[in-house]
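A.B. asks: mind looking at a prediction? Sequence and model below.
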Amino acid sequence: MIEPSDRTPLPRAFFDRPVLEVAPDLLGCTLIRRSDDGVMELRITEVEAYAGELDPGSHAFRGRTARNDVMFGPPGHAYVYFTYGMWHCLNAVCGPEGRASGVLLRAGEIVLGAEQARKRRVSARYDRELAKGPARLATALDVDRTLNGTDLCADAMSPLSLLPGTAPDPDQVRNGPRTGVGGDGAHHPWRFWIDGDPTVSAYRAHAPRRRTT
DNA sequence: AGGACGATTCTCT
DNA sequence: GAGAATCGTCCTT
C-alpha cells in the first residue's frame, strides 16, 4: 500500500493496478470536492469494482463509446455518468490505460460540508444518509458530468481529488455481490464496504424493469 | 427496516 | 424503443 504524505492526492500508481486491488484500498480514503460553495470532504465507506470489457456489468462491456470514453483513458481520472433519467454516479478509473476498469464510489461519510450537502439532499433524515448510495453521494457533493474526466491525482486545488485516509481494520472490510447488477455479472462479489458503518447503503438486488404501457 | 412502485432522460440497438 | 451501476414516497411491520 502506497503511503504519500497527508493532504497530498493519491499518486497515479495507486490507481494503476488491477481494479480488485484498488477497490478495497479506497475504503477509508478521502474524496475532496472544491467549488465556489466551499470545500467538502467525504470518507469512503462502500465501493464497487467494474472490470472493463470482460465484465458484463461494466459500461465498457460493449466497447468504447462516447459515454464511457474516459474509462479507456489513463487511471486516476473521474468517470461520471448519468442514469435513470435523474442521477449521476462517480467512478475512479483504474488499471493500466485501456483496461477500462473503474471503481464506483457508492457511499461515504460527510466529514466536512454537511451543511452544503443538506441543501441538496433535503430528504435525508439523518446526516448518515447524505451520501448513502452512489447517486446520493454524487448529489451531496454536487458532482455531475461537467466533472467527467477530472484528474483525481491533481493538486489539492482541483474541483475533485482523492486523498489517502485512515484505512479500516482489515477485519472490518467485507465484500459481497454488486448492487443493481443483473445477468452474467451478478455473482461477482465485487462490492466492498466497511462492516458496521452506518453510512453503507442497503443491498438491493437487480430489479428488471416491467412494461409501462 | 424493508417491499412496491413511479419518476425522468440519456444511451445504444 | 428498451432499459438503465437509483432514489423518494408511501405503505406495512
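C.D. replies: Alright, I've got the coordinates. Numbers count the residues shown, from 1 in each chain, chains lettered A, B, ... in the order given.
A.B. asks: strands of chain A, residue ranges please.
C.D. replies: A:30-35, A:38-50, A:78-83, A:87-94, A:101-112, A:160-163, A:173-176, A:191-194 (DSSP state E).
A.B. asks: got TSV for these, with mean neighbour count too?
C.D. replies: Backbone N, C-alpha and C define where each C-beta goes, glycine included. Below are these laid out as TSV (neighbours: other C-beta atoms under 10 Å):
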stretch	mean neighbour count
strand A:30-35	21
strand A:38-50	23
strand A:78-83	20
strand A:87-94	24
strand A:101-112	25
strand A:160-163	21
strand A:173-176	16
strand A:191-194	24
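A.B. asks: and these: which comes nearest A:Ala154?
C.D. replies: strand A:160-163 (6.1 Å; C-beta to C-beta).
A.B. asks: each with direction, which strands does the closest one pair with?
C.D. replies: Partners of strand A:160-163 in the sheet, by DSSP bridges, are strand A:30-35 (antiparallel).
A.B. asks: off-centre distance for the partner strand?
C.D. replies: Mean-position distance between strand A:30-35 and its chain equals 13 Å (C-alpha atoms, centre = their mean, to the nearest Å).
A.B. asks: put the alpha carbons of it into CSV.
C.D. replies: Extracted in CSV, the C-alpha atoms of strand A:30-35 (Å, rounded to 0.1, in the frame of the first residue of the first chain):
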residue,chain,number,x,y,z
THR,A,30,-10.9,10.9,1.4
LEU,A,31,-12.7,12.5,-1.5
ILE,A,32,-12.3,16.2,-1.7
ARG,A,33,-14.8,18.4,-3.5
ARG,A,34,-14.0,22.1,-4.1
SER,A,35,-16.3,24.6,-5.6
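A.B. asks: give me the contact list for it.
C.D. replies: Strand A:30-35 has contacts (C-beta atoms under 8 Å, 6 or more residues apart in numbering) with A:39-44, A:105, A:108, A:111, A:113, A:141-143, A:156-165.
A.B. asks: so which of the residues you listed also contact DNA strand B?
C.D. replies: Counting by C-beta under 7 Å from any atom of the strand, the subset of the contacts of strand A:30-35 that neighbours DNA strand B is empty.
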